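Undergrad: 3D model of this:
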Amino acid sequence: MNGIPPPAFGMPGSLEWLVIGLVALLLFGKRLPGVARSLGQALHEFRSGLSGPEAEKPAAPGPEAKPPEKPAA
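TA: Below you'll find the predicted structure:
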């Protein structure tokens, strides 16, 4: 060993991730899937905002944009 201490802050190990997951489960409970979904949407919007408007794709037409079907005779 060269006598240099390890960094005080780094990526959490497996035990730390387990503790973080248990705390999140206790705090959010049944709301955890909704919290994760909204966090993912916020991250997606943030990334698309960083890339600029030229990277945005036009939205696909929804079911209301379909032409009316002709009735079978």
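
Undergrad: show me what the longest helix seen in the chain is packed up against.
TA: Longest among the helix segments of the chain by residue count, using DSSP state H, is helix 32-51. Applying 3 or more C-beta pairs under 8 Å, 6 or more residues apart in numbering; DSSP states H and E, one finds that helix 32-51 makes contact with helix 14-28. Any C-beta I mention is one placed from the backbone N, CA and C, and that applies to glycine too.

Undergrad: other residues contacting the helix it packs on?
TA: 12, 32, 35 (C-beta atoms under 8 Å, 6 or more residues apart in numbering).

Undergrad: number of residues surrounding the first one?
TA: Using other C-beta atoms under 10 Å as the criterion, Pro12 is surrounded by 11 other residues.

Undergrad: cool, Phe28 as well?
TA: Neighbours of Phe28 (other C-beta under 10 Å): 13.

Undergrad: same question, Leu22
TA: 10.

Undergrad: how about the longest helix of the chain as PDB, C-alpha atoms only?
TA: Extracted C-alpha coordinates of helix 32-51, given in PDB (Å, rounded to 0.1, in the frame of the first residue of the first chain):
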ATOM      1  CA  LEU A  32     -42.700   4.100  -6.100                       C
ATOM      2  CA  PRO A  33     -43.700   3.100  -9.700                       C
ATOM      3  CA  GLY A  34     -45.300   6.500 -10.300                       C
ATOM      4  CA  VAL A  35     -42.300   8.300  -8.800                       C
ATOM      5  CA  ALA A  36     -39.900   6.300 -11.100                       C
ATOM      6  CA  ARG A  37     -42.100   7.000 -14.100                       C
ATOM      7  CA  SER A  38     -42.200  10.700 -13.500                       C
ATOM      8  CA  LEU A  39     -38.500  10.700 -12.900                       C
ATOM      9  CA  GLY A  40     -37.900   9.000 -16.200                       C
ATOM     10  CA  GLN A  41     -40.200  11.500 -18.000                       C
ATOM     11  CA  ALA A  42     -38.400  14.400 -16.400                       C
ATOM     12  CA  LEU A  43     -35.000  13.000 -17.500                       C
ATOM     13  CA  HIS A  44     -36.300  12.400 -21.000                       C
ATOM     14  CA  GLU A  45     -37.600  16.000 -21.200                       C
ATOM     15  CA  PHE A  46     -34.300  17.300 -19.800                       C
ATOM     16  CA  ARG A  47     -32.200  15.400 -22.400                       C
ATOM     17  CA  SER A  48     -34.500  16.500 -25.300                       C
ATOM     18  CA  GLY A  49     -34.200  20.100 -24.000                       C
ATOM     19  CA  LEU A  50     -30.400  19.800 -24.100                       C
ATOM     20  CA  SER A  51     -30.300  18.500 -27.700                       C
END
